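Peer 1: with the sequence up front, the predicted model follows.
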Amino acid sequence: MTKTYPNRVSIFEVGARDGLQNEKAVTTADKLTLIDQLSAAGLTRIEAGSFVSPKWVPQMADSGDIFRQLSKRPGVVYSALTPNLKGLELALDAGADEVAIFGAASQSFSQRNINCSIEESIERFIPVMEAAQAKQIPVRGYVSCVLGCPYEGEIQVEEVARVAEILYKMGCYEISLGDTIGVGTPLNARRMVEAVAHRVPVEKLALHFHDTYGQALANILACLETGVSVIDSSVAGLGGCPYAKGASGNLATEDLVYMLHGMGIETGIDLNALIEAGNNISQALGRVSGAKVARALTE
Ligand SMILES: CC(C)(COP(=O)([O-])OP(=O)([O-])OC[C@H]1O[C@@H](n2cnc3c(N)ncnc32)[C@H](O)[C@@H]1OP(=O)([O-])[O-])[C@@H](O)C(=O)NCCC(=O)NCCSC(=O)C[C@@](C)(O)CC(=O)[O-]
């Protein structure tokens, strides 16, 4: 059976945000170096920080400094998470090009992550969307727990599709589907994307898969067959969510790029430069890179 894959995949790099939101021992200077090296490696969509409560996630408290100090490379979009109007105002003030609202398909995760129910979060996102649109700032939408929840276990695909559609209709230009704890396997990942694609055009979907169970690449391959062509990943496999116990790193960007290039799919990314960026931040964190490809190709 012949499978059809896209000619090009757009990679949305979340290492500096999702990757570092759990890391205590990383300086603002290290983050800035990482962001600069990622853009030099050819990444054009970089999530550089999040404007959330510093009491909830102190590791992201320097996001304002990051956005003010990063040297913007032409053609690169620097994005930030903004859970509410206060976050949006801080992000715009610091110079973010784009923002993201983040909801969930699980009530328990929503409550623990952003301290409100799914419906309350949607109410909270409306003014964020309106204010961003007034400033012509694109808004991305995340749906967490699309293949399972650390508190509720199995999540119904209908609920994932429902929340994704609400965010899309609200005005999100793209919906990123998060397997927050990496529990998905290829066939259920694919079924989930197909269900969401009935309500949100498949070209508006992105995949955000954590690699906790080593399934992320296989899941992505299965989902690429549905027509999705945007994938979130994290350099060196950094990451985890402070409100999702067991959520290890995201899929490593190096491993993703290696697979895509091996399939003849373009990304615009220089793999060697990316590996160097990943090795540098791993060294700053005092560990070896979590990317298998980086370990294989590093002398
Ligand atoms: C949403 C809130 C703020 C609600 O938290 P809350 O306590 O309900 O908020 P509040 O409105 O009552 O405010 C409480 C305090 O926080 C301040 N505050 C309020 N908002 C902000 C803000 N934007 N920036 C800075 N400060 C803020 C506010 O000013 C106040 O300060 P105080 O008066 O106590 O000094 C909180 O729950 C929060 O910050 N949560 C963020 C949690 C988080 O960042 N989680 C990780 C990201 S999500 C993720 O990783 C999943 C994803 C996206 O990667 C996809 C996937 O993998 O599935």
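Peer 2: Everything's here; your move. This is a predicted model, so every value here is computed, not measured.
Peer 1: only C-alpha atoms from now on, for both contacts and neighbour counts.
Peer 2: Will do.
Peer 1: okay, now the unreliable bits of the protein?
Peer 2: Residues of the chain meeting the criterion pLDDT under 70: 1, 240-242, 244-247.
Peer 1: need the residues of it near the ligand, please.
Peer 2: By C-alpha under 6 Å from any ligand atom, the part of the chain that sits against the ligand consists of 18, 51-54, 56-57, 83-84, 86-87, 102, 113-115, 142, 144-145, 178-180, 241.
Peer 1: list only buried entries from those.
Peer 2: 18, 51-53, 57, 83-84, 87, 102, 113-114, 142, 144-145, 178-180, 241 (16 or more other C-alpha atoms under 10 Å).
Peer 1: tell me the secondary structure of Tyr243, please.
Peer 2: coil (DSSP: H, G, I helix; E, B strand; the rest coil).
Peer 1: okay, now it: neighbour count?
Peer 2: Tyr243 sits with 18 neighbouring residues when counted by other C-alpha atoms under 10 Å.
Peer 1: secondary structure element holding the residue lying closest to it once chain neighbours are set aside?
Peer 2: Setting aside the residues directly before and after it, Tyr243 is nearest to Asn113 in space (C-alpha to C-alpha, 6 or more residues apart in numbering), at 5.5 Å. Using DSSP states H and E, Asn113 sits within helix 107-114.
Peer 1: what's the answer for Lys31, then?
Peer 2: Counting by DSSP H and E, Lys31 is part of helix 28-40.
Peer 1: same for that helix, what does it pack against?
Peer 2: strand 45-50, helix 63-69, helix 271-284 (3 or more C-alpha pairs under 8 Å, 6 or more residues apart in numbering; DSSP states H and E).
Peer 1: with respect to burial, which of the ones you listed scores highest?
Peer 2: Comparing the helices and strands packed on helix 28-40 by mean neighbour count (mean count of other C-alpha atoms under 10 Å), strand 45-50 comes out on top with a mean of 27.
Peer 1: can you give me the offset of that one from its chain's centre?
Peer 2: Here strand 45-50 shows a centroid-to-chain-centroid distance of 9 Å under the convention C-alpha atoms, centre = their mean, to the nearest Å.
Peer 1: run the angle between it and helix 28-40 for me.
Peer 2: 170 degrees (axes from the mean of the first three to the mean of the last three C-alpha atoms, to 10 degrees).
Peer 1: these two touch, right, Glu174 and Arg140?
Peer 2: Yes. Look at Glu174 against Arg140 with C-alpha atoms under 8 Å: they come within range, at 5.3 Å.
Peer 1: restricted to strands, list the residues of the chain next to the ligand.
Peer 2: Under the assignment DSSP state E, those contribute Phe102, Tyr142, Ser144, Gly178, Asp179 to strands.
Peer 1: from the residues you listed, pick the one nearest Gly227.
Peer 2: Gly178 (17.1 Å; C-alpha to C-alpha).
Peer 1: need the contact list for that closest one.
Peer 2: Gly178 makes contact with Tyr142, Val143, Ser144, Cys145, Val146, Leu147, Leu207, His208, Phe209, His210, according to C-alpha atoms under 8 Å, 6 or more residues apart in numbering.
Peer 1: swap in 10 Å and give it another go.
Peer 2: With contact set as C-alpha atoms under 10 Å, 6 or more residues apart in numbering, Gly178 has these partners: 102-105, 142-148, 160, 206-210, 232, 250.
Peer 1: can you check Tyr258 too?
Peer 2: Here Tyr258 is in contact with Gly264, Ile265, Leu271, Val293, Ala294 (C-alpha under 10 Å, 6+ apart).
Peer 1: likewise Lys292?
Peer 2: Ala236, Gly237, Ala252, Glu254, Asp255, Thr298.
Peer 1: correct me, but the last one touches Asn279?
Peer 2: Yes. In this structure, Thr298 is within contact of Asn279 by C-alpha atoms under 10 Å, at 8.7 Å.
Peer 1: report all helices and strands that the longest helix along the chain contacts.
Peer 2: Secondary structure of the chain per DSSP state H: the longest helix is helix 118-134. Secondary-structure packing of helix 118-134 (3 or more C-alpha pairs under 10 Å, 6 or more residues apart in numbering; DSSP states H and E): helix 85-94, strand 98-104, helix 107-114, strand 139-144, helix 157-170.
Peer 1: make TSV from these and add distance to His198 to it.
Peer 2: Output for those, formatted as TSV (distance: least, C-alpha to C-alpha, whole Å):
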stretch	distance to His198
helix 85-94	30
strand 98-104	19
helix 107-114	23
strand 139-144	16
helix 157-170	8
